[in-house]
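> Give me the fold of what follows.
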Amino acid sequence: MGKILPRPTPSSPELENAVEAVVELIRSEGTPVFWGGVEIARFNLRDEFQQAEELRRIYCLLPLASYRNLDTKPTRFTRGSVNKSQLPIRTMIFDEKFLQLGDELPPLPQLPPNLEFVLWRKTGNLYFSAGHAPQWGSEFRYLGKVGRDLTVAEGVAAARLTTLNLLQSLRQTLGSLDKVIGVIDLFGVVNSASNFTQQSEVINGCSQCLVEIFGDAGRHSRMAIGVPELPFNIAVEIKLVVEVSDT
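Okay, the predicted model is just below:
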């Protein structure tokens, strides 16, 4: 499987040699580029300085098990010629970041009885969620209208809690959040008081949480709207579309 390198420091020769090799490879025409299990091509970095800084950050975050062959050359695959058995193991940092939230993580969300739907539905490599709420187990939290019963800050907190419920149920479905390739789309709905127009700010509580856990892979398209009522009087309801590795 190749040599496993020790964890580098930002100034180590191994790190600088690997960064130089990857930057040189990005200049070439073959795509995508995988480095330690990370698809570098998806970053779309604007210049070599940004490339080098991002690569240094990634290299220092990789678990020890992913330091394979980085003292030689990264791997390049041309479009249409990728053999999935050749791909390096994906970097396992998403699940660890999620679990590091510790006591902030809610229990698995419990659906009210007699509701005939599933929390996640798969087609191809995409997982579509049902709408999730700010729950703690079976208890709904943050009830009422944002802008009347709840402040914007409380709405943001409700969106964050809802996101943690989404990721908790996704993790149960997948077994590990390390299988996530990226968050594709977010649809957020805010239970809004009359004339309340800060729905985007409220749903930022979800967007920021996704980027906190998944980094650039958590950046997504989205829509945030306000409605006069939501089921169970919850403050927000959010659904996601997530791309997942099939390995």
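> contacts, neighbours, all on C-alpha from now
Noted.
> Least confident secondary structure element in this protein?
strand 75-76 (a mean of 42; mean pLDDT, DSSP states H and E).
> Now for the residue lying closest to residue 226 once chain neighbours are set aside: which residues touch it?
Among residues not flanking residue 226 along the chain, residue 190 sits closest, at 4.7 Å (Cα to Cα, 6 or more residues apart in numbering). Neighbour list for residue 190: 145-146, 199, 202-203, 224-227, 230, 235-237 [criterion: Cα atoms under 8 Å, 6 or more residues apart in numbering].
> so what's the backbone phi/psi at residue 190?
The phi and psi values for residue 190, taken as degrees, to the nearest 10, are phi -120, psi 130.
> so what pLDDT did it get?
In the prediction, the pLDDT value recorded for residue 190 is 98.
> what's the spacing between it and residue 138?
20 Å (Cα to Cα, to the nearest Å).
> Return the list of helices and strands in contact with the longest helix seen in the chain.
Longest helix in the chain by number of residues (criterion: DSSP state H): helix 152-174. Packing contacts for helix 152-174, counted by 3 or more Cα pairs under 8 Å, 6 or more residues apart in numbering; DSSP states H and E, involve strand 135-136, helix 199-214, strand 236-244.
> The protein: strands as residue ranges?
Ranges of strands within the chain are 33-35, 38-39, 75-76, 120-123, 126-129, 135-136, 139-140, 180-191, 221-227, 236-244, based on DSSP state E.
> now those as JSON lines including distance to residue 215?
JSON lines is the format used below for these (distance: least, Cα to Cα, whole Å):
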{"stretch": "strand 33-35", "distance to residue 215": "16"}
{"stretch": "strand 38-39", "distance to residue 215": "12"}
{"stretch": "strand 75-76", "distance to residue 215": "22"}
{"stretch": "strand 120-123", "distance to residue 215": "22"}
{"stretch": "strand 126-129", "distance to residue 215": "19"}
{"stretch": "strand 135-136", "distance to residue 215": "24"}
{"stretch": "strand 139-140", "distance to residue 215": "28"}
{"stretch": "strand 180-191", "distance to residue 215": "9"}
{"stretch": "strand 221-227", "distance to residue 215": "15"}
{"stretch": "strand 236-244", "distance to residue 215": "14"}
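> Which one of those strands has the poorest average confidence?
Mean pLDDT, when computed for each of the strands of the chain, is lowest for strand 75-76, at a mean of 42.
> domains of the chain?
Domain ranges of the chain: 13-91, 99-244, per automatic domain parsing.
> ends of stretch 100-112, how far apart?
Terminal-residue distance, stretch 100-112 (Cα to Cα): 29 Å.
> What residues does the nearest residue to residue 117 once chain neighbours are set aside make contact with?
The spatially closest residue to residue 117, leaving aside those adjacent along the chain, is residue 130, at 7.8 Å (Cα to Cα, 6+ apart). Residue 130 makes contact with 117-120, 239-240, according to Cα under 8 Å, 6+ apart.
> Let me know the closest of these to residue 175.
Closest to residue 175 out of the contacts of residue 130 is residue 120 (13.1 Å), distances taken as Cα to Cα.
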